[in-house]
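S.K.: Next one to model:
(chains A and B)
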Amino acid sequence: MIAEAGLAALWIAGAIAALQFALSALGIARGDPEVQDAVRAVAVVQGLVVLLAMALLMWLFVESDMSVLLVATNSHSAKPLIYKIAGAWGNHEGSMLLWVTILGLAGGAVAILERRLEKATLVATLGAQALIALGFYAFLLFSSNPFARISPAPADGNGLNPLLQDPGLAFHPPTLYIGYVGISVAFSFAVGAMVMRDVGPAFARAMRPWVLGAWIFLTLGITAGSYWAYYELGWGGWWFWDPVENASLMPWLAATALLHSVTVLATRDGLRAWTIMLSVIAFSMSMIGTFLVRSGILTSVHAFAVDPTRGSFILVLLALYIGGALALFALRVGTIRQGSTFELISREGALVANNLLLSVILGIVLIGTLYPILAAGAFGVQLSIGPPFFNKAAGPVALVLVAVMAAGPLVRWRRDDGNMVISRMLVPIGVACTVLAGLFFFAMEAGLLPILGIGLAAGLAVASVAPLWGRNLRRTPLFTYGMVLAHLGIAVSLAGMASETAFTKQTLIAARVGEPHRVGPYTVTLQGVTPVIGPNWSALEARLKVQRGDDAPFTLSPQSRFFSNPVTVTSESAIATVADGQLYTVLGQPDAAGRWQLRLWWKPFVTLIWAGGALIALGGALSLIGRVLRENRTTLREARV
Amino acid sequence: MKAKHQRLVLGVLALGAIVGASGLALSALKDQAAFFYAPGDVAKLGLPLGRAVRLGGMVEGGSIKRQPDGVTIRFIVTDGKAIVPVSFKGITPDLFKERSGVVAEGEFRPDGSFEATNLLAKHDERYMPPQMAGKMVETKKPKL
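M.R.: Here you go, the predicted model:
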């Protein structure tokens, strides 16, 4: 019964979305305020009904109802509870339902929270939301029904891919989806503003919290995904330039650009058409991301199912949405009036440079990600593009972007004097040069790109806190702190990436029990390998005695785990985190002579990568809170007047 | 600057960014794209020497041999048409096994063997790399 109720809820939610679109079209065409008010209520109801469908699916997973096809193929009754709950979206259909659930809830939130925007623009926005949701409802109902039954019901399920049986599954997909969906909300605002010819600072202020929120969640989702892949896959890498990773990076790059240009539009009423275009691009990127990950054309853990009809379905949706958005942009760009202008050397100028450089990186990542797919489709050529391409093409541009980013916040709005900017930049430039010189002198072997990375990170760190100098810290607005923290986070993350690339020590050994091996500052001794039992797995666990110099020794226990549902072996790395880095250990196979393969890495300051990611997200959150507080204060003041 | 001019300048800059990105990407693509080979392609296309490529196929049954140093393995990759001996130093991925799909990253040596720096095995039972699925279907086609 629960599965049928879930399917019914999904159909009803789809019908409500159709109603929402029809009502908003009617409301705008007639200019009828009563119809327009109804759209708000309908959007809230749609969110609640689709949430009900998602809740019912989770219920089925928790109950392990094996008569439901999706549960039978992806779950198992012996799985720990958290993976039963999170397992509801650890598969194709469930994750698409989660997508549309978040979309529905976001629409409801817009309907309830947004008070400052022109009512007609808001209604058009909700109409655009409904149209996006409709496509996904159709996709779920016609080609990916999560509630389909199987008869006869199997005794138990196939289980969840063990690589996904990790707390990361509970966190990474929902955060990333909230990010994707948040961008679609920003896009809907842009559509609403285009339809109602209302592109201006008010629209930018309404859109900004959504862009910020989406960007915060994308940052968190990417950071969490990177750390998850790092410790779970046992390869010791934190970024592989895998198409699936690129699928999350591209919307982030576009959202970062949009975040900065929407600020120009909100504060200075400049970059109107540009901001609209960027929101179209950002939305296209999150659609392409969904397409890449969900269509099964990619080879990764994310490719849950390879089903060509699904791929074509999403491709058609993609073409309709992006094509529609671009067509609307082309039709209405003429009506977007020119905003206010600015000098080349100004905050606006720096933000334009930021936008252009981000776009260049985005273009490179997009080409590198799509080219192999296009080449396979068009010419039948199989090729794959890996890290050397991305590092070579995007790395130098990213370093230029970091330099612009250091200077940007120290430049005044509208117009500034080049010499004054340089004088404000003297300290950061000095720091960067000192660090660079030191590294060239003492650590030449590290390679050019990492050395430049560390030097620029040092300069950026100093430059990013510079806007606080000489200010009354208690009267500095919260969003300024947000910007400072986010830029500092980039510096921290960049330093971690460069340090990991330049100074990692690794060794691969066939270890005998009792034999000490050195990696970086550590001595690692294998003390034995013993079997251990977990909730739904058994494992071989190595005991490694680890000692640094004369410090107290401690034990690390990497495992090789055997899962029976489905039959899989996974490596569980054991990682020791210390102040200046991580020691990363992986257990391999034994050989006939009783030796065990061990892979050991010493990664100096690698943790800074994710600490930086967390700082960026925290900066975003402070900025969001600061903006919302100020908006509320302004609204109150206006209400009093 | 006049308003119209500023918009024009921004447009030109954006266009320049697109051209720049494409140029950078294409120039890097030319020497960095790792081509995908099946063992049968080697005879057809010649040995790609001095360049990182991917080699994909099935691990031949009974071919995985552990070397005395305890960390190097040798095995044979086949696509039904030809075979390539592969050596790999490292911990094999969890799903790497005989009679199962594998994609090896590395370089060919002049003697026709392959030195892998990285092995990618299929992630779960239902999954086969599309690149490989294509190659496998190709070999199954009846010869006319």
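
S.K.: for residue A:571, helix, strand, or coil?
M.R.: Here residue A:571 is strand, with the state taken from DSSP: H, G, I helix; E, B strand; the rest coil.

S.K.: for residue A:535, same thing?
M.R.: Residue A:535 is classified as coil under three-state DSSP.

S.K.: looking at it, residue A:183 is touching residue A:212, isn't it?
M.R.: No - using CB atoms under 8 Å, residue A:183 makes no contact with residue A:212, being 11.2 Å away. The way it works is simple: take the backbone N, C-alpha and C, and place the C-beta from them, glycine included.

S.K.: What residues does the residue in chain B that chain A sits nearest to make contact with?
M.R.: For chain B and chain A, the shortest gap (CB to the nearest CB) falls at residue B:70, measuring 2.4 Å. Taking CB atoms under 8 Å, 6 or more residues apart in numbering or on different chains as the criterion, residue B:70 is in contact with A:509, A:510, A:591, A:593, A:595, A:597.

S.K.: Pick the one among those closest to residue B:66.
M.R.: The closest of those to residue B:66 turns out to be residue A:591 (CB to CB; 5.5 Å).

S.K.: That closest one - nearest residue in space that isn't next to it in sequence?
M.R.: Leaving out its chain neighbours, the residue that sits closest to residue A:591 by CB to CB, 6 or more residues apart in numbering or on different chains is residue B:70, at 4.9 Å.

S.K.: cool, residue A:219 as well?
M.R.: That would be residue A:617: by CB to CB, 6+ apart, it lies 4.5 Å from residue A:219.

S.K.: Sticking with the spatially most central residue of chain B, tell me its helix or strand.
M.R.: Central residue of chain B (CA atoms, centre = their mean): residue B:54, 2.3 Å from the mean position. Using DSSP states H and E, residue B:54 sits within strand B:53-59.

S.K.: circling back to that earlier point, pretty sure the residue nearest to the centre of chain B sits against residue B:108.
M.R.: No - if you go by CB under 8 Å, residue B:54 and residue B:108 don't touch, sitting 11.1 Å apart.

S.K.: And the lowest mean pLDDT element among the helices and strands of chain A?
M.R.: Across the helices and strands of chain A, mean confidence by mean pLDDT, DSSP states H and E is lowest for strand A:383-384: a mean of 68.

S.K.: Next secondary structure after that one?
M.R.: Criterion used, DSSP H and E; the element after strand A:383-384 is helix A:387-407.

S.K.: Mind giving me the packing neighbours of that following helix?
M.R.: helix A:347-379, helix A:448-465, helix A:478-503, helix B:3-32 (3 or more CB pairs under 8 Å, 6 or more residues apart in numbering or on different chains; DSSP states H and E).

S.K.: Apply 10 Å and report the result again.
M.R.: On a contact count with 3 or more CB pairs under 10 Å, 6 or more residues apart in numbering or on different chains; DSSP states H and E, helix A:387-407 meets helix A:243-268, helix A:347-379, helix A:418-424, helix A:426-442, helix A:448-465, helix A:478-503, helix B:3-32.

S.K.: Looking at the stretch 501-641 of chain A, which residue is nearest chain B?
M.R.: Closest residue of the stretch 501-641 of chain A to chain B, CB to the nearest CB: residue A:510 (2.4 Å).
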